[in-house]
Structures are given as structure tokens and as C-alpha cells.
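Student: Got a predicted structure plus its sequence, pasted below:
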Amino acid sequence: MRLRVEFTTEPFDLDEAPAHAVVAREIVTGAELDAVDVGPFGNTAEGDADRVLKAVDALLRQSLEAGATRVSLQVNVIADGPQGGAAAGKGEAT
């Protein structure tokens, strides 16, 4: 199963990235996830369910420890790609 996580950490600081935001971004960029996109107001990453869930656990714990007062996140199941899995082979004769 593949998952996509979208998250933001607060409070915001428009002048420089707060420590909690830096920590969260470092976690997802270092977690061997696919399609990581970090931005000033939201971040997304997707990958294998185990890796995504492990990264979500770490980013929640560590960003709160680094001063986040709120973490908003959404996790969605996404179709598996051509590497195999649920979507691969649909509609093909065997």
C-alpha cells in the first residue's frame, strides 16, 4: 500500500522557518519517501505505507518537541504505481 501525507506545523513565521518546521522537513526529506514537496505553508510526501507512517510518527513527536503548537496532517491511500501492488495488472488478462 502507498500513502500520501500532507502536513503543516504551526505557529507560522514568515521571516524564517521555525525550528519545528525545519525538523519536520528534515524528517520527510530524509525518510526515503517518494515525491517529497516542501513549501512555506504545506508539505507533501508519498511512499510505502510503512515508511510514511514511520516518518509521520517521527515528525509529530519531534516537531512538537521543537516547539510546534499545532500539527495538521492528512493521510490518503493512493493507488500503487507500475512497480506492482493493487493497481498493477488491473484489466489485464492472465
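Tutor: Yep, it's here. No experiment lies behind these values; they were computed from the predicted model shown.
Student: any idea how far the residue nearest to M1 when sequence neighbours are not counted is from A55?
Tutor: With Cβ to Cβ, 6 or more residues apart in numbering as the criterion, M1 has its nearest non-adjacent residue at 4.4 Å, and that residue is A49. C-betas here are computed from N, CA, C, even on glycine. Going from A49 to A55 by Cβ to Cβ, to the nearest Å gives 11 Å.
Student: higher neighbour count, these two?
Tutor: Using other Cβ atoms under 10 Å, the more surrounded residue of A49 and A55 is A55, with 24 against 13.
Student: what kind of secondary structure is the nearest residue to that one once chain neighbours are set aside in?
Tutor: Leaving aside its chain neighbours, A55 sits nearest to A31 (4.0 Å; criterion: Cβ to Cβ, 6+ apart). Using DSSP: H, G, I helix; E, B strand; the rest coil, the structure places A31 in coil.
Student: With S72 instead?
Tutor: Assigned by three-state DSSP, the conformation of S72 is strand.
Student: Quick check: it touching V5?
Tutor: No: contact criterion Cβ atoms under 8 Å: S72 and V5 do not qualify, at 11.1 Å.
Student: and the residue nearest to M1, what is it in contact with?
Tutor: M1, R2, L3 (Cβ atoms under 8 Å, 6 or more residues apart in numbering).
Student: repeat that for 10 Å
Tutor: M1, R2, L3, V75, V77, I78 (Cβ atoms under 10 Å, 6 or more residues apart in numbering).
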